[in-house]
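J.: mind folding the following:
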Amino acid sequence: MNLVREALAQYVARYGADLLLDVLAGTADAAGAAQSEALEGATLRALVVAIIGEHGGPMTYGEIMEKLGGRYQLRSVQNALGYAVKQKLVTRVKPGVFKAPR
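T.: Numbering: from 1, shown residues only. Below you'll find the model as predicted:
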């Protein structure tokens, strides 16, 4: 969960703690709503990296989605994994299968 903390810390550094609190409380204005999506994306990226790292071995989209408990759409998970691969936080074994880097 250190990755989630790091994602939140980066969000606060960029947008400020007040906006984070507004977003979490659901009282953010339209500009804050856009930042809410950025927060959700950063959190999802951190979660998928943590899930794969904890598991250790190769994981499919389905296994990752199961660990997330159905809270996210497949497309969002695919986008998060694509970003994680580009940042070399996870490795693509083959299409749809990912593992922690060595």
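
J.: use CA for all of it now, contacts and neighbours both
T.: OK.

J.: residue boundaries of the strands in this structure?
T.: 59-60, 91-94, 97-99 (DSSP state E).

J.: could you say which of these is packed most deeply?
T.: Greatest average neighbour count among the strands of the chain goes to strand 97-99 (a mean of 20), per mean count of other C-alpha atoms under 10 Å.

J.: so what's the gap between stretch 50-63 and the chain middle?
T.: 13 Å (C-alpha atoms, centre = their mean, to the nearest Å).

J.: end to end, how far does that stretch reach?
T.: Start and end residues of stretch 50-63 are separated by 13 Å (C-alpha to C-alpha, to the nearest Å).

J.: so what touches it?
T.: 1, 3, 64, 67, 74, 77-78, 90, 93, 96-100 (C-alpha atoms under 8 Å, 6 or more residues apart in numbering).

J.: reformat those as JSON lines; add pLDDT and distance to residue 16.
T.: Converted to JSON lines, the contacts of stretch 50-63 look like this (pLDDT from 0 to 100; distance: C-alpha to C-alpha, whole Å):
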{"residue": "1", "pLDDT": "55", "distance to residue 16": "21"}
{"residue": "3", "pLDDT": "64", "distance to residue 16": "19"}
{"residue": "64", "pLDDT": "93", "distance to residue 16": "31"}
{"residue": "67", "pLDDT": "90", "distance to residue 16": "30"}
{"residue": "74", "pLDDT": "91", "distance to residue 16": "30"}
{"residue": "77", "pLDDT": "92", "distance to residue 16": "26"}
{"residue": "78", "pLDDT": "93", "distance to residue 16": "28"}
{"residue": "90", "pLDDT": "90", "distance to residue 16": "29"}
{"residue": "93", "pLDDT": "94", "distance to residue 16": "37"}
{"residue": "96", "pLDDT": "91", "distance to residue 16": "36"}
{"residue": "97", "pLDDT": "94", "distance to residue 16": "36"}
{"residue": "98", "pLDDT": "94", "distance to residue 16": "33"}
{"residue": "99", "pLDDT": "92", "distance to residue 16": "33"}
{"residue": "100", "pLDDT": "88", "distance to residue 16": "31"}
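
J.: closest one of those residues to residue 14?
T.: residue 3 (16.4 Å; C-alpha to C-alpha).
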